[in-house]
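**Student:** No sequence on hand, only this structure:
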């Protein structure tokens, strides 16, 4: 399969991703630089898990949101929207390829975490899958935000407003043992499942089973992705 | 013969400014090159956006190649080639990668894409730079790449917004030759441009827009014939002047600033040019160059609207 020259939107993104060497090196080094020292330290497992979670959420949300708003500002996205390509297909490709590329950036760091913190295979797979689902959800949020602004700076603001409550609900730092409505709401946040899986990898016990990490985030992310695809015609429309 | 484009009573007004286009009707036949002219704010860009299916009109009908363009957008887009006024590309990709991406997006097969693009890159003298990143391209090269992207899939209708702006003279000639070739093959072309020479040389028919309305339509010859008997005296001045005294010269019909130029429309009579020059000098004008020209489409527009096509905004 030929990636360059690109004959599909996702191939264009892959080509661009690998086209800038220094940026590429930085993209792979920064998750290592943030995650490996944490994984190698003896900080409490919940906080080690939280650091990985935060890196994944930020990479996903800001990556998709900012690259889309930059393309909107350049006018190139509006130009692509005037080709016969389906807007939903374009947005699906943006979502899928960004999540996969973000995952590739985090994978080396995750592998080092697993080497430094050996855990049952089921939990290693669950944590890896949970991270990917988190990236998918975060990219969905980034794309959703790009519907409302063409300013990369605004993406930071809106993302913060959306992500803080979700991070709180997920129990990264506080609300680690929620009850009542907070516990119910937590079940609808895909980040929470990743957080539980990573906590288990770092040696904590949670009430979540590995199959739950595979099942519920998949359902939640499918709904999120479907909702984001519905916004595609608006996202690709010419803004006044 | 079925029109390539048939727009009927297209209206689209922006709520914020109240500007836009009102009840515009336009028909373009296959093989016709049609010029759209109008100053900033005339509704030209809005009309182009509607015709390119980028925005929907508030009311009206639009058929492109027989299909309802307001319903079958993707089908219509596949048959249309589009060049927006500001060339936009993926700057970190090469020119070739950009063109290939768009060609494939428009449905050019993998087997054909290389051949078609190689021919166009060669034609527009971009072959040497095809593997350079677009961010290293000059504005003119970017425009040529946009032309290639608009033409590669063999569209039945071409919509070109200010296509020759920024092109060097040789490239302009090449572009005009290409448009004539495509038109001879049956491609309908809409050129939005205020380059009077280009539109006169290239277009079979011209539509003038002003204040959101179509104010005139016809062949360039027919439109220009409406201003026969008028002389066009164009002066470049070293300094701006109050031109009211020039308007008082006997035989002067109107004085229009066109960018930095001052254009005086006046009767054809002996001594007229000398009187105009005297008027300019009396106004304090220091003339750098002066030319007396035959009337052109710019003069038609001025006669119709009292405004110049190109204003110094």
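**Tutor:** Received, thanks. It should be emphasised that the depicted structure is a prediction, and the values quoted were computed from it without experimental measurement. Residues are numbered from 1 along each chain as shown, chains lettered A, B, ... in the order given.
**Student:** So which bits of the longest helix anywhere in chain B are buried?
**Tutor:** When secondary structure is assigned using DSSP state H, the longest helix within chain B turns out to be helix B:169-184. Taking 16 or more other CB atoms under 10 Å in any protein chain shown as the basis for neighbour counts, the residues of helix B:169-184 that come out buried are B:171-172, B:174-176, B:178-179, B:182-183. Glycine gets a C-beta too; all of them are placed from N, C-alpha and C.
**Student:** Mind giving me the packing neighbours of that helix?
**Tutor:** Taking 3 or more CB pairs under 8 Å, 6 or more residues apart in numbering or on different chains; DSSP states H and E as the contact definition, the neighbouring helices and strands of helix B:169-184 are strand B:33-37, helix B:139-151, strand B:188-192, helix B:196-202.
**Student:** from the chain's centre, how far out does it sit?
**Tutor:** Its chain's C-alpha centre lies 14 Å from the corresponding centre of helix B:169-184 when counted by CA atoms, centre = their mean, to the nearest Å.
**Student:** Same question for stretch B:61-72.
**Tutor:** In terms of CA atoms, centre = their mean, the centre of stretch B:61-72 is found 23 Å from the chain centre.
**Student:** ok, now stretch B:226-245?
**Tutor:** Here the centre of stretch B:226-245 is set off from its chain's centre by 24 Å, with CA atoms, centre = their mean.
**Student:** Count the residues that sit near residue B:282.
**Tutor:** Using other CB atoms under 10 Å in any protein chain shown, residue B:282 has 13 neighbouring residues.
**Student:** before we move on, the earlier item: and the buried residues of helix B:169-184 as JSON lines, adding pLDDT?
**Tutor:** Converted to JSON lines, those look like this (pLDDT from 0 to 100):
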{"residue": "B:171", "pLDDT": "93"}
{"residue": "B:172", "pLDDT": "93"}
{"residue": "B:174", "pLDDT": "94"}
{"residue": "B:175", "pLDDT": "95"}
{"residue": "B:176", "pLDDT": "95"}
{"residue": "B:178", "pLDDT": "97"}
{"residue": "B:179", "pLDDT": "97"}
{"residue": "B:182", "pLDDT": "97"}
{"residue": "B:183", "pLDDT": "97"}
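**Student:** What is the end-to-end distance of stretch B:271-290?
**Tutor:** For stretch B:271-290, the separation between the terminal residues is 15 Å (CA to CA, to the nearest Å).
**Student:** How much space separates the residue most central in space within chain A from residue A:64?
**Tutor:** The central residue of chain A, meaning the one whose C-alpha is nearest the mean C-alpha position (CA atoms, centre = their mean), is residue A:135 at 1.8 Å. Distance from residue A:135 to residue A:64, counting by CB to CB, to the nearest Å: 9 Å.
**Student:** Next, the buried residues of stretch B:33-43.
**Tutor:** By neighbour count, and taking 16+ other CB under 10 Å as the criterion, the buried residues in stretch B:33-43 are B:33-39, B:41-43.
**Student:** oh sorry, the question was meant for stretch A:186-204
**Tutor:** For stretch A:186-204, a neighbour-count test (16+ other CB under 10 Å) marks A:186, A:189-202 as buried.
**Student:** follow-up on the earlier one: any idea which of the helices and strands packed on helix B:169-184 gets closest to chain A?
**Tutor:** Judged by CB to the nearest CB, the one of these that comes nearest to chain A is helix B:139-151, at 8.6 Å.
**Student:** Residue B:47 contacts residue B:23, correct?
**Tutor:** No: Residue B:47 is beyond contact range of residue B:23, at 11.1 Å (criterion: CB atoms under 8 Å).
**Student:** Now list whatever residues contact both of the two.
**Tutor:** Counting by CB atoms under 8 Å, 6 or more residues apart in numbering or on different chains, the residues touching both residue B:47 and residue B:23 are residue B:10.
**Student:** neighbour count winner among those two?
**Tutor:** Just comparing residue B:47 and residue B:23: by other CB under 10 Å the higher neighbour count belongs to residue B:47, 26 against 13.
**Student:** Spell out which parts of chain B neighbour chain A.
**Tutor:** For chain B, the contact set with chain A under CB under 8 Å from any CB of the partner chain comprises B:14, B:16, B:49, B:52-55, B:74-75, B:77-78, B:82, B:84, B:86, B:88-94, B:96-97, B:100-102, B:104-107, B:110, B:113.
**Student:** give me that answer again for 7 Å
**Tutor:** B:14, B:16, B:49, B:52-55, B:74, B:77-78, B:82, B:84, B:86, B:88-90, B:92-93, B:96-97, B:100-102, B:104-107, B:110 (CB under 7 Å from any CB of the partner chain).
**Student:** Report the buried members of the residues you listed.
**Tutor:** For these, burial is judged from neighbour counts taken by 16+ other CB under 10 Å, and it is met by B:49, B:52-55, B:77-78, B:82, B:84, B:88-90, B:93, B:96-97, B:100-102, B:104-106.
**Student:** Could you list the domains of chain B?
**Tutor:** The record's domain parsing of chain B by automatic domain parsing lists B:5-223, B:229-294.
**Student:** Which pLDDT value goes with the spatially most central residue of chain B?
**Tutor:** For chain B, the residue nearest the mean C-alpha position is residue B:193 (1.3 Å; CA atoms, centre = their mean). We note a pLDDT of 91 for residue B:193 in this prediction.
**Student:** I figured it was touching residue B:34, is that so?
**Tutor:** No: with the criterion set as CB atoms under 7 Å, residue B:193 and residue B:34 do not qualify as a contacting pair; they are 11.0 Å apart.
**Student:** For chain A, what's its nearest residue on the stretch 201-313 of chain B.
**Tutor:** Taking CB to the nearest CB as the measure, the stretch 201-313 of chain B has residue B:212 as its residue closest to chain A, at 15.8 Å.
**Student:** So which residues of chain B form helices?
**Tutor:** Per DSSP H, chain B has helices spanning B:44-51, B:73-78, B:95-105, B:110-123, B:139-151, B:169-184, B:196-202, B:220-225, B:244-247, B:272-282, B:297-305. These are given in chain order.
**Student:** try chain A
**Tutor:** For chain A, applying DSSP H gives helices covering A:9-19, A:21-40, A:45-74, A:76-81, A:87-116, A:121-146, A:152-170, A:180-186, A:190-201, A:210-230, A:232-235.
**Student:** which residues touch the fourth one?
**Tutor:** Residues outside helix A:76-81 that contact it (CB atoms under 7 Å, 6 or more residues apart in numbering or on different chains): A:71, A:87, A:90, A:236, A:238, B:54, B:84, B:88-90.
**Student:** For my notes, please list these in CSV and give pLDDT and distance to residue A:145 for each entry.
**Tutor:** Formatted as CSV, the contacts of helix A:76-81 follow (pLDDT from 0 to 100; distance: CB to CB, whole Å):
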residue, pLDDT, distance to residue A:145
A:71, 90, 14
A:87, 94, 17
A:90, 94, 17
A:236, 91, 15
A:238, 79, 19
B:54, 93, 23
B:84, 89, 25
B:88, 92, 22
B:89, 96, 25
B:90, 95, 22
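**Student:** who does the closest residue to residue B:75 other than its chain neighbours bridge with?
**Tutor:** Leaving aside its sequence neighbours, residue B:75 sits nearest to residue B:67 (CB to CB, 6 or more residues apart in numbering or on different chains; 5.5 Å). Going by DSSP bridges, residue B:67 is paired in beta bridges with residue B:64.
**Student:** No further queries at this time; thank you.
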